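Peer 1: okay, predicted coordinates and the sequence, questions at the end:
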Amino acid sequence: MSLYWPDAEADVVLGQPRLHALVIGVGDYPHLVGGGGHPAVANFGLQQLTTTPLTGARIAEWLLGSYRNPACPLGSIELLLSPAARVDRADGAKIAVEAAKMDEIRKASKRWRDRCHTHAGNVAWFYFAGHGLTAVKQHLLASDFGDPNVGNLWANSIDVDGLRTGMRANDADTQLFFVDACREKPIDALVQLNPNGDPLCSASLFDQVASSAAYHAAADGMKAYGPANDVTFFATALLDALDGSAAFKQQGTWRVDTHFLGAGIAHVLDILRLVHGEPLTCNPDPDGKVATIHFPDPPLIRAAVYCQTKQANDESTISLQRGADPPVSSAAGEKRPWTGRVGLGSWDINFTFQSFPPVTRKEEAAPPVLRWEEPI
Amino acid sequence: MSGTLKIRSGPGMPPTTIEVVSPDLETVGRVWLDAGQSTAVEVPSEGSFLRVYLPSGEIVTLKDPGKLDREVSLSDLMSKSRRRPRKTTRGDERVSLGVADYERLEAHGADAPAEIATPKPRLAGDVELLLSTMNNEAVPGSVSSDGATATYRDIHSMEPAELQLHTPDGRFCVRLPGQLERLLLRSVALDDGLRLVSVGVRTTNRQADTLGGFGARGDYHSAGAMADWADRAEEMLYSKMADPFGAVVGAYLLLRLRRFDQMRTWARNLADSWPAIPDGSIIWAWQLIHQRGAEAEINKYLQRAAGGELPVFTEGLKLLVDGLGLLGKTGAELQKKVSEQAGVVLWDSPFTAFRGGRAASGDVRVKLEVGYAEAVEGL
């Protein structure tokens, strides 16, 4: 079973605009380096991942708990995780989630596409966190990638560019693809092996989709996925962007659309890059009509506060205060830049030091981010 | 109190998108201004403020409550900009190109290392450069005496150029517009024996660079609702005979926004007039796909694009691969050909860039980043 929400297929609302999601998080690769299965003929040096299954579960949790779009509420979430797990849903239900092997991905993808196809007002949401290999096309590796019992090395991978093209045949007018996979580049192998993954579906020349947007994590290397045992940096940036960093106000309502989302992710990644020292970037690729995805209420944005010099950073106690709200504080010696999420409005940013006089700054927090570097 | 806010873009300003925001953070208007241009926007309050979207991707907020006549100046932006050197695994060392690099090179200041002109500049790290135009003429460049930077200036070819970088562990190729005001490269050693080579591109068309830079980041900011962007793009496409590369940039934006009324059939003229720029054929084929045009013509233009050199712009390569994927068996074969031709693509680059040669060892020691001069780092 991979239906994370609702409880049963019969409960899925069809025929009305709904968001239908397929979320895949792969960390366990038995045939790659450090895996427990028969080794792949070519493993490309790819190792086991810890961040990606957590990310898959977190994305599903966000969709269920935080996604808000009155014109297109949540319809269903298919979730596949490797290793397979029992996942706690916010309502207390324990969901047994299947492994993200290629056969399961094909079956879940078929169910997802069928649901999406039932109404033009639907939003199709695809999220993959795991290993990716990129030559001209990007291939996303299922958990059983490299199984030596499968003749074609690439059979257990998704051709995500082909999937996006193939989804043009689907009736869902808004299609979102989040590709949270490092673009590892074992050059010779990729050039010589001519990868050909499974696009899962196909379209004809004149199939059209009104709005198709893809957002690719573009970092290279394992550390760029994210901190061990936490969600990936890209997922953090995406959820920050949806929760406010990509929001704009129109006719009194805060909203996130397919164009602003890319810029919001990029701005949050810029802060995460500053904080973690990893080369984090994003390739947003929104195409067609601008589509509103989400209405954050109230918006929260990513903030980073720090000083210019090491001494000032080491000594600084930072406190952020908005009106009568409880302050957000960070003691001296904690990691700098300080980063967290803050609400919109006017904030007093207070610095106290051992060797420098205290400083207070007044800054307006507005999307995409609040970033303050004290010139000390 | 409501009123009319006048906004002027100061001298020397890069083309920028300016957003007018009310005190309660509602977006009141968005405009695109070139240096010296001005416009007026109705605002609900004198407390409304400006957010300037720079070509680098940075957003600078300019507040001046009570003032309804504002000039956006380069010095304002420089003082408010918080852009810092890009952080690397080695710390805070600057590794990318910035405005300061360009200004230094333009000024030929006393602090700039002496430059040596050569047909094949060699950068630090044993990186040999070869810039050629379509007729395979090598374009001479200059390299600083410390080998850290190399520069090419004032190239005026109506056909694409190609930059090759021969490094100790392989060869990179970057397809480029032939109309280049400046091409600046920098080579910096990183930790662990890695080397980063940055390529900053400034064409002769600053508007096209700005549009292309926003596009490369996917930073459209409701461009669909902002007539200025589409109108500039339309003008660029219209001017295809004078500047085919600017026309391609404009056409990609219009195609993405599905502004076919503003594209008319100009992309076909672009494709037919400039066959050495495959992007024109790709754009026209995709316009036909979206408009359900003649299948034979779509086939013809996609096959033409796949049959020659790679597109100049990465967006074109992506559209070519996607388009071929819709053409059945013939398309699949051509897709394979393009894949072999392109090697491993650097999708982050706005210009088609790929690692074409075989690495001498399994490890990749040289990383390449390519971008518009202003977008790589700086204003």
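Peer 2: Received it, and whenever you're ready, just let me know what you need. Numbers count the residues shown, from 1 in each chain, chains lettered A, B, ... in the order given.
Peer 1: pLDDT below threshold where in the chain?
Peer 2: Just so you know, I chose chain A. Of all residues in chain A, those with pLDDT under 70 make up the ranges A:184-193, A:219-224.
Peer 1: let's do chain B instead
Peer 2: Under the criterion pLDDT under 70, the flagged ranges of chain B are B:81-114, B:221-226, B:357-364, B:375-379.
Peer 1: closest residue of it to chain A?
Peer 2: Closest approach of chain B to chain A (CB to the nearest CB) occurs at B:Gly218, with a separation of 2.8 Å. C-beta here means a position set from N, CA and C on the backbone, and glycine is covered the same way.
Peer 1: wait, that residue sits on A:Ala263?
Peer 2: Yes. Under the criterion of CB atoms under 8 Å, B:Gly218 lies in contact with A:Ala263, with a separation of 7.3 Å.
Peer 1: so what sits against both of these two?
Peer 2: Common neighbours of B:Gly218 and A:Ala263 (criterion: CB atoms under 8 Å, 6 or more residues apart in numbering or on different chains): A:Pro284.
Peer 1: which parts of the helix ranked longest in chain B are buried?
Peer 2: Longest among the helix segments of chain B by residue count, using DSSP state H, is helix B:328-342. By neighbour count, with 16 or more other CB atoms under 10 Å in any protein chain shown as the criterion, the buried positions of helix B:328-342 are B:Gly331, B:Leu334, B:Gln335, B:Val338, B:Ser339, B:Gln341, B:Ala342.
Peer 1: okay, now B:Pro11: neighbour count?
Peer 2: Other residues near B:Pro11 come to 10 when the count uses other CB atoms under 10 Å in any protein chain shown.
Peer 1: contact partners for it?
Peer 2: B:Ala35, B:Gly36, B:Leu74.
Peer 1: for chain A, tell me whether the one helix or strand B:Leu254 maps to is touching it.
Peer 2: Secondary structure assignment for B:Leu254, by DSSP states H and E: helix B:244-256. Yes. Judged by CB under 8 Å from any CB of the partner chain, helix B:244-256 and chain A are in contact via B:Arg256.
Peer 1: now the stretch 1-150 of chain A against chain B: closest residue?
Peer 2: Counting by CB to the nearest CB, the stretch 1-150 of chain A gets nearest to chain B through A:Val136 (4.3 Å).
Peer 1: wait, chain A
Peer 2: Closest point on chain A to chain B, by CB to the nearest CB, is A:Pro284, at 2.8 Å.
Peer 1: hang on, A:Arg183 packs against B:Trp347?
Peer 2: Yes. Contact criterion CB under 8 Å: A:Arg183 and B:Trp347 qualify, at 7.1 Å.
Peer 1: show me what B:Val31 is bridged to.
Peer 2: Beta-bridge partners for B:Val31, by DSSP bridges, are B:Ile18.
Peer 1: could you measure from it over to B:Ser75?
Peer 2: According to CB to CB, to the nearest Å, B:Val31 and B:Ser75 sit 21 Å apart.
Peer 1: who's more crowded, these two?
Peer 2: Higher neighbour count among B:Val31 and B:Ser75: B:Val31, with 20 against 9, using other CB under 10 Å.
Peer 1: list the buried residues for stretch B:54-63?
Peer 2: B:Leu54, B:Pro55, B:Ser56, B:Gly57, B:Glu58, B:Ile59, B:Val60, B:Leu62.
Peer 1: can you report phi and psi for the residue lying closest to the last one once chain neighbours are set aside?
Peer 2: Right, the one you point to is B:Leu62. When the adjacent residues along the chain are set aside, B:Leu62 lies closest to B:Leu50, with 4.5 Å between them (CB to CB, 6 or more residues apart in numbering or on different chains). Dihedral pair for B:Leu50: phi -110, psi 140, per degrees, to the nearest 10.
Peer 1: of the contacts of B:Pro11, keep whichever come out buried.
Peer 2: Listed as buried from the contacts of B:Pro11 are B:Ala35, B:Leu74; burial here means 16+ other CB under 10 Å.
Peer 1: next, format the contacts of B:Pro11 as a markdown table and append secondary structure and distance to A:Thr236.
Peer 2: Converted to a markdown table, those look like this (DSSP: H, G, I helix; E, B strand; the rest coil; distance: CB to CB, whole Å):
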| residue | secondary structure | distance to A:Thr236 |
| --- | --- | --- |
| B:Ala35 | coil | 38 |
| B:Gly36 | coil | 42 |
| B:Leu74 | helix | 34 |
